[in-house]
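K.L.:
Have a look; sequence and predicted model below, questions after that.
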Amino acid sequence: IVKERRPKMRTIDILLENLRRYYGVDSLRNIAKKIEMSGNVLLNWSSGRSSPKLDQLDKIAYLINVEVSKLLIQDIEISITSPIWRDNVERNFIENLGRYTQEKGIHKSWFDEKRCGVSYGAFRYYINGNNKTVNLNTLDKLAKILGIQTYQLLESRKNR
């Protein structure tokens, strides 16, 4: 049996596809209404001009009663019977970033800003919890450096 391999989707596309399926709508403007955001915000996310910040991901997850990390997993079924989650997504991010950094033995020599898109200084800034404007693009870059999936940076302890 040959398993069909689908191309890897951008994390933002996974998020938008999960929201489309959950709400049963195709239009980004209709999704935006459901998640109480501007249609232009979602259009900018979709086109790559911007990406959602952690607090926006947290709000969306709360509205549809799912953990933030689940929003970023491809082909996940989001059930209406899911419990309401309100994890501290920033704390989860900082803890996971530190843990994966230790596990992988990440060090300064791994960082080439042109190759990975993040300087070592910025990486340390994120680990120390000093940067409050982490967005999905940054999460993708950090996950790539760590060799993990983006959603793993947002998982809560109870799901590991």
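P.N.:
Received it, and whenever you're ready, just let me know what you need. These numbers were taken from a predicted model, which means no experiment stands behind them. Residues are numbered from 1 along each chain as shown.
K.L.:
Report the rounded mean pLDDT for stretch 27-41.
P.N.:
For stretch 27-41, mean pLDDT is 92.
K.L.:
just stretch 47-65 next, same as before
P.N.:
91.
K.L.:
Would you work out how far apart the start and end of that stretch are?
P.N.:
This stretch, stretch 47-65, spans 26 Å end to end (C-alpha to C-alpha, to the nearest Å).
K.L.:
what comes up buried for that stretch?
P.N.:
In terms of neighbour count (16 or more other C-beta atoms under 10 Å), stretch 47-65 has its buried residues at 50-54, 56-62, 64. Quick note: C-beta positions are derived from backbone N, CA and C, even for glycine.
K.L.:
Make CSV out of those and add distance to residue 156 and secondary structure.
P.N.:
What follows is the buried residues of stretch 47-65, written out as CSV (distance: C-beta to C-beta, whole Å; DSSP: H, G, I helix; E, B strand; the rest coil):
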residue, distance to residue 156, secondary structure
50, 26, coil
51, 21, coil
52, 18, coil
53, 18, strand
54, 13, helix
56, 18, helix
57, 13, helix
58, 12, helix
59, 16, helix
60, 16, helix
61, 11, helix
62, 14, helix
64, 16, coil
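K.L.:
Just give me the closest of those residues to residue 130.
P.N.:
residue 54 (13.9 Å; C-beta to C-beta).
K.L.:
Am I right that that closest one is in contact with residue 92?
P.N.:
No: taking contacts as C-beta atoms under 8 Å, residue 54 lies outside contact range of residue 92: 9.3 Å.
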